[in-house]
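> Below: sequence and its predicted model.
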Amino acid sequence: MTDIPILPPENIMVLQARAQAVAGLSLGQLAGELGVDVPADQRKKKGWVGQLLELALGADARNQSLPDFTRLGIELKTLPINAQGKPRETTFVCTIPLLTIQYQQWENSQVWNKLRHVLWVPVEACPSIPLAERRLGKAILWCPNAQQAAILQQDWLEITGMIAMGELELLSGKWGQYLQVRPKGLNGRCLCWGYNQAGDKVQTLPRGFYLRTSLTKQILQLQT
DNA sequence: AAGTGATCATAA
DNA sequence: TTATGATCACTT
């Protein structure tokens, strides 16, 4: 999945039309249309569904720190759905630059820039359904409403404040109403630099921001 | 069953 | 080593 046979969408209408065209397809059907193999074991291909959708919809950001649809400023996220139609998992947003995030403002932060425009694509994700048979849902183009944005900002300020104060030991997945901090690395031996409370550089786990399902559940309900 | 921590693949 | 894409799996 390295080529980009589908050109980037010129506008939102084109993007939405493409998303609508794949809604209802199974992952196996879509992969077949794109000439992509369906992995036998998702444990070794955790990002496969997301990458399949990037290909199908014409995302052009690759692994740059830009919205997936660079021209439209829209981020693409797949949303794994359980049998009850609710999100199965939190949603990864971005890794946290522990040494420099204290110099970001919310308004120009990576989190806000990623979340201000998101195209959510629900995907069946029950382990009981074979990967190729899981179906794609109707995409939702979402912008945070005032209340959602306010809570995200509050979470971000709280967490960023802790990082700035060097409170890495206190930092855990328990903080934040919508925004959550969790490890984000290859494994538990993967380390990066941060500050401790004395202001010294210390090695610590890389962390990322994630969205709790309490928020994505709301987003999902917008369509029904 | 949720919630939180741990982990896997790939490209540049 | 950084970024991208997430799901796995253990604990509570």
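Nice, I can see it. All values derive from a computational prediction rather than experimental measurement.

> what secondary structure does residue A:202 sit in?
Secondary structure, DSSP: H, G, I helix; E, B strand; the rest coil: residue A:202 is strand.

> OK, contacts around it?
A:168, A:193-196 (Cβ atoms under 8 Å, 6 or more residues apart in numbering). Heads up, the C-betas are built off the backbone N, CA and C, glycines and all.

> go again using 10 Å as the cut-off
By Cβ atoms under 10 Å, 6 or more residues apart in numbering, the contact set of residue A:202 is A:98, A:166, A:168-169, A:191, A:193-196.

> likewise residue A:207?
Neighbour list for residue A:207: A:95-98, A:101, A:159, A:163, A:168, A:171-173, A:181-185, A:192, A:194 [criterion: Cβ under 10 Å, 6+ apart].

> 8 Å - rerun?
Per Cβ under 8 Å, 6+ apart, neighbours of residue A:207: A:95-96, A:98, A:171, A:181-184.

> Mind giving me the PyMOL command for buried ones among the residues you listed?
In PyMOL, a selection of the buried entries from the contacts of residue A:207 looks like this (16 or more other Cβ atoms under 10 Å):
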select buried, chain A and resi 96+98+171+181+184
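
> picking that back up, dump the contacts of residue A:202 to JSON lines, plus pLDDT.
Below are these laid out as JSON lines (pLDDT from 0 to 100):
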{"residue": "A:98", "pLDDT": "95"}
{"residue": "A:166", "pLDDT": "95"}
{"residue": "A:168", "pLDDT": "94"}
{"residue": "A:169", "pLDDT": "91"}
{"residue": "A:191", "pLDDT": "92"}
{"residue": "A:193", "pLDDT": "94"}
{"residue": "A:194", "pLDDT": "94"}
{"residue": "A:195", "pLDDT": "95"}
{"residue": "A:196", "pLDDT": "94"}
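
> any idea which element residue A:198 lies in?
Counting by DSSP states H and E, no helix or strand carries residue A:198.

> Now the residue of chain A positioned farthest from its centre: closest residue in space that isn't a chain neighbour?
If you look at how far each residue of chain A sits from its centre, by Cα atoms, centre = their mean, the farthest one is residue A:198, at 33.0 Å. Nearest non-adjacent residue to residue A:198, counting by Cβ to Cβ, 6 or more residues apart in numbering: residue A:166, 7.0 Å away.
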